[in-house]
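Q: Pasting the sequence and the predicted model now:
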Amino acid sequence: MSDDQTAPSPGPSASAPDAITFEQIRERAYELWERNHRPEGFEIEFWLLAERELRKERARRTAKEGPAASEPPSQ
């Protein structure tokens, strides 16, 4: 294998159950692009912003669930 070839990436089943998907990022980036009056030439910026927002939301949600999510409900 030469240096310019990359190994195949794992499929969707190999990702973590709470991983952010390509589709989620694409949808968020499109929403951001539309809210900003559809400017041309900012695809990468909107993609990165969408990914950053989704990661922060996921981190906040995980922090809220925290240890309480792993404890069994009290009876």
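A: Received the coordinates, thanks. Residues are numbered from 1 along each chain as shown.

Q: for the helix or strand where Glu45 lies, packing partners?
A: Using DSSP states H and E, Glu45 sits within helix 43-70. Judged by 3 or more C-beta pairs under 8 Å, 6 or more residues apart in numbering; DSSP states H and E, helix 43-70 is in contact with helix 22-35. Bear in mind the C-beta positions are built from the backbone N, C-alpha and C, glycine included.

Q: so where's this structure uncertain?
A: 1-17, 67-75 (pLDDT under 70).

Q: same thing but 80
A: Where the chain drops to pLDDT under 80, the residues are 1-18, 66-75.

Q: burial count for Arg55?
A: For Arg55, the neighbour count with other C-beta atoms under 10 Å is 12.

Q: you'd agree it is up against Gln24?
A: No: judged on C-beta atoms under 8 Å, Arg55 makes no contact with Gln24 at a distance of 10.7 Å.

Q: Glu51 reaches Ile20, doesn't it?
A: Yes: using C-beta under 8 Å, Glu51 is in contact with Ile20, at 7.0 Å.

Q: before we move on, back to that, mind listing what's buried along the helix holding Glu45?
A: Phe46, Trp47, Leu49, Ala50, Glu51, Glu53, Leu54 (16 or more other C-beta atoms under 10 Å).

Q: From Gly66, how far off is the closest residue to Glu31 other than its chain neighbours?
A: Using C-beta to C-beta, 6 or more residues apart in numbering and skipping the chain neighbours, the partner closest in space to Glu31 is Ala50 (7.8 Å). Plainly put, Ala50 is 25 Å away from Gly66 if you go by C-beta to C-beta, to the nearest Å.

Q: Next, the contact list for Trp33, please.
A: Pro39, Phe42, Glu43, Phe46 (C-beta atoms under 8 Å, 6 or more residues apart in numbering).

Q: which one of the buried residues of helix 43-70 sits closest to Arg28?
A: The shortest gap between Arg28 and any of the buried residues of helix 43-70 belongs to Ala50, at 3.6 Å (C-beta to C-beta).
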